[in-house]
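Asks: Provide a 3D model corresponding to the input given below.
(2 chains)
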Amino acid sequence: MSGAQSGPTLTRQVFEYTPGTRPELDHDDPLHGELLKLNMGPQHPATHGVLRLGVTLDGERIVDVDPDVGFLHRGKEKSCESLGWHKFFPHTDRLDYVQPLMNNIGYALALEKLGGIEVPPRAKVVRVLLMELSRIMAHLIYIGTLGIDLGAVTIFFYSFRQREELYKVVDAYTGHRMNNTYVRIGGVYADVDEKVAAMIEKFLADFPAALDEIDAMLTRNRIWYDRNRGIGVISKEDAVAMSLTGPTLRGSGVNWDLRRAQPYSGYEEYDFDVPVGSVGDCYDRYLVRMTEMREAAKIAKQALDKLKTVKGDVLIEDRRYVLPPKDLVHSSMEELIFQFKVVTDMRLPRGEAYHGIESSKGELGFLVASDGTSKPLRCHIRAPGLMNIQALPMLAKGRLFSDMVSLIGSMDFVMGEVDR
Amino acid sequence: MTSNDTRPEAGGAAGPQPDGAPAAPRWAAALSGLEYKQLVGADGMATLEVAREHLHALLAALKERAGFAMCTLVTAVDHYPKAPRFALTHQLLSLEHNERLRVRCWLREGDEHAPSCADLWPGANWSERECFDMFGIRFDAHPDLRRLLLPQGYDHHPLRKEFPHAGIEPDRLYRQWDKQRRAGWNAEEGATR
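Replies: Take a look at the predicted model:
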């Protein structure tokens, strides 16, 4: 929407769109006229986690949907208040658990904004690299699980094979496959070494071809197209009014990407396109996410090249916020005290700060409020997935029940983040 | 008013506008005739403080006349034990002008209700439900003010400061269930034991 943005508008000339080709089931449906309450979830595999949908059906048609969230509510925001700023980092991993590093960075950026902490240039590049790899990871999950839900089980294996490669990279870098907790206030825990850089390089070299395979199997696939096109159409105005963000908003044709509009971590230095849909249905959201994966790989490649020129530390040396190196902790009394103070008594200045990042699901925001003591006053997590689920009833009303599966998959939420 | 965001004004040195007359914000004209106090947050975001009776009018003016088309979040901050206890916070986003704005409304304990803005932004519906769930702030004229994340019929609002971090509810539910079970045993004179 802001004028400086540019990006490709996705074309949808795959098959001719002929409205009204769906059979009108109402007339020959023996169950028509009798309202049926159906519980979908919370243990249903197609709900992608513990989401319960109370669906009211008239025959095959959906009359109403009442999403019931909260089955995975663990009180993360309350936990932050009791743990303190530093010790909340591992909990951010468990929000959107398919992209833990992205959540870490979002939280760190909010705290850095509140504390006025400047991150070293190399740390910014590493963060961009991690964020884009996380984006690819999360979108691969989207495409794989939606594939399974719509009967394209092959896609699941193709996408998870690529995701596995990424997990190997993340494992080599952080030592964990999931729940990495590798980002700190003021940077990242450790630098990307040559071995990891070579692994990422190899992944990025192979990834476009692998994505082409998935693309070839899905984009022009008649079944895939029929089950996604024209379903869950969101107009531009509705998408904005329903607080949708990320691929869901861009699928509706709104050119809004926080990496462009409000750049953080030096995103303004990277060259990438923002894909924008034209109709706003499930198929557009699919196209947007596929293109975003290609763009993410492009950004990651640029970040990797940048790492060769941008040298320096990846973590600030400010003992108020950053844990001292472990070997010093074991040998120096002062450093041990600093370690103790950071863990138990880290303070941020008084005030409120909000930072939103463009996560794979949309705007992931952290609103942090401090009263100057070591106990956080408030940490609100603005979860994009919650807004996506909120839009489900609007999209599902009047559709066939089988479309519900496409809708759930295409709204792409992770319950860890929704329920917090 | 105890505000956390009066830092730049109190400090003076770190004020947002360096020299000369402060430039009038873009949305100032749209809000003419409305009562509010303008502050700057620690993150540099413009923050409007408004009394509850003017809250809905202010939000409506921001949406209709100043282009804030998206309501990013609605939440509250519990400042217990300070006097106006809850800082109800709306955060708005204008895609058109690439601008964020925070609106804060202080609510006193025992009187924690505010007008709903779900009629302006349908997307604020669940945010307000969550705020009600966590803080017990009631939103007047909300279309569907049920709990969002916690079970219906739950007695507490856990993000209030007095709620213990360890939680209290599972124990109470268990004791209640156990009491009923034991009462059943006693009534049947141990036949089912």
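Asks: Could you check which residue of the stretch 151-300 of chain A lies nearest chain B?
Replies: residue A:243 (3.0 Å; Cβ to the nearest Cβ). C-beta: built from backbone N, CA, C; applies to glycine.
Asks: Can you name the residues that contact the nearest residue to that residue once chain neighbours are set aside?
Replies: Computed as Cβ to Cβ, 6 or more residues apart in numbering or on different chains, the closest residue to residue A:243 that is not its neighbour in sequence is residue B:123, at 3.0 Å. By Cβ atoms under 8 Å, 6 or more residues apart in numbering or on different chains, residue B:123 lies in contact with A:241-244, A:387, A:390, B:70-71.
Asks: residues making contact with stretch A:208-226?
Replies: A:14-15, A:143, A:147, A:150-152, A:154-155, A:158-159, A:161-162, A:283, A:286-287, A:290, A:293-294, A:297.
Asks: And stretch A:318-325, by the same measure?
Replies: So stretch A:318-325 is in contact with A:86, A:115, A:117, A:184-187, A:315-316, A:329, A:335, A:338-339, A:341-343, A:346-347, going by Cβ under 8 Å, 6+ apart.
Asks: Please point out which parts of it sit buried.
Replies: A:320-324 (16 or more other Cβ atoms under 10 Å in any protein chain shown).
Asks: just how off-centre is it within its chain?
Replies: Relative to the chain's own centre, stretch A:318-325 is displaced by 29 Å; criterion: Cα atoms, centre = their mean, to the nearest Å.
Asks: I'd like the mean pLDDT over it, please.
Replies: Mean pLDDT, computed over stretch A:318-325, is 86.
Asks: and what of stretch A:410-420?
Replies: Averaged over stretch A:410-420, pLDDT sits at 89.
Asks: is it fair to say residue B:103 lies in a strand?
Replies: Yes. According to DSSP: H, G, I helix; E, B strand; the rest coil, residue B:103 belongs to a strand.
Asks: Let's verify the residue nearest to it when sequence neighbours are not counted: helix, strand, or coil?
Replies: Excluding the flanking residues, the one nearest residue B:103 by Cβ to Cβ, 6+ apart is residue B:90, at 4.3 Å. When classified by three-state DSSP, residue B:90 comes out as strand.
Asks: residues touching residue B:90, list them.
Replies: B:59, B:71, B:73-74, B:102-105, B:117, B:124.
Asks: And residue A:207, by the same measure?
Replies: Here residue A:207 is in contact with A:136, A:162, A:297 (Cβ under 8 Å, 6+ apart).
Asks: and with 6 Å instead?
Replies: Counting by Cβ atoms under 6 Å, 6 or more residues apart in numbering or on different chains, residue A:207 touches residue A:297.
Asks: Enumerate the residues of chain B near chain A.
Replies: Taking Cβ under 6 Å from any Cβ of the partner chain, the part of chain B that reaches chain A is made up of B:4-5, B:7, B:41-43, B:69-71, B:73, B:75, B:77, B:95-96, B:98, B:121-123, B:126, B:149, B:158-159, B:165.
Asks: From those, list the buried ones, please.
Replies: Buried among these (16+ other Cβ under 10 Å): B:4-5, B:7, B:41-43, B:69-71, B:73, B:75, B:77, B:95, B:98, B:121-123, B:126, B:149, B:158-159.
Asks: and residue A:37, what is it in contact with?
Replies: Counting by Cβ under 6 Å, 6+ apart, residue A:37 makes contact with residue A:56.
Asks: A strand includes it, no?
Replies: Yes. Assessed with three-state DSSP, residue A:37 lies in a strand.
Asks: Using CSV, list the CA coordinates for the helix or strand hosting residue A:417.
Replies: Assigned by DSSP states H and E, residue A:417 belongs to helix A:415-419. Extracted in CSV, the C-alpha atoms of helix A:415-419 (Å, rounded to 0.1, in the frame of the first residue of the first chain):
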residue,chain,number,x,y,z
MET,A,415,-1.7,-23.6,18.3
GLY,A,416,1.3,-23.0,20.5
GLU,A,417,1.3,-19.4,19.4
VAL,A,418,-2.5,-19.0,19.4
ASP,A,419,-3.1,-20.3,22.9
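Asks: That helix packs against which elements?
Replies: helix A:384-390 (3 or more Cβ pairs under 6 Å, 6 or more residues apart in numbering or on different chains; DSSP states H and E).
Asks: Quick check: phi and psi at the residue nearest to residue A:243.
Replies: When read as degrees, to the nearest 10, the backbone of residue B:123 gives phi -70, psi -20.
Asks: Quick check: what element follows the helix or strand residue A:132 falls within along the chain?
Replies: Secondary structure from DSSP H and E places residue A:132 in helix A:121-149. Remark: after helix A:121-149, the chain's next helix or strand is helix A:153-174, criterion DSSP H and E.
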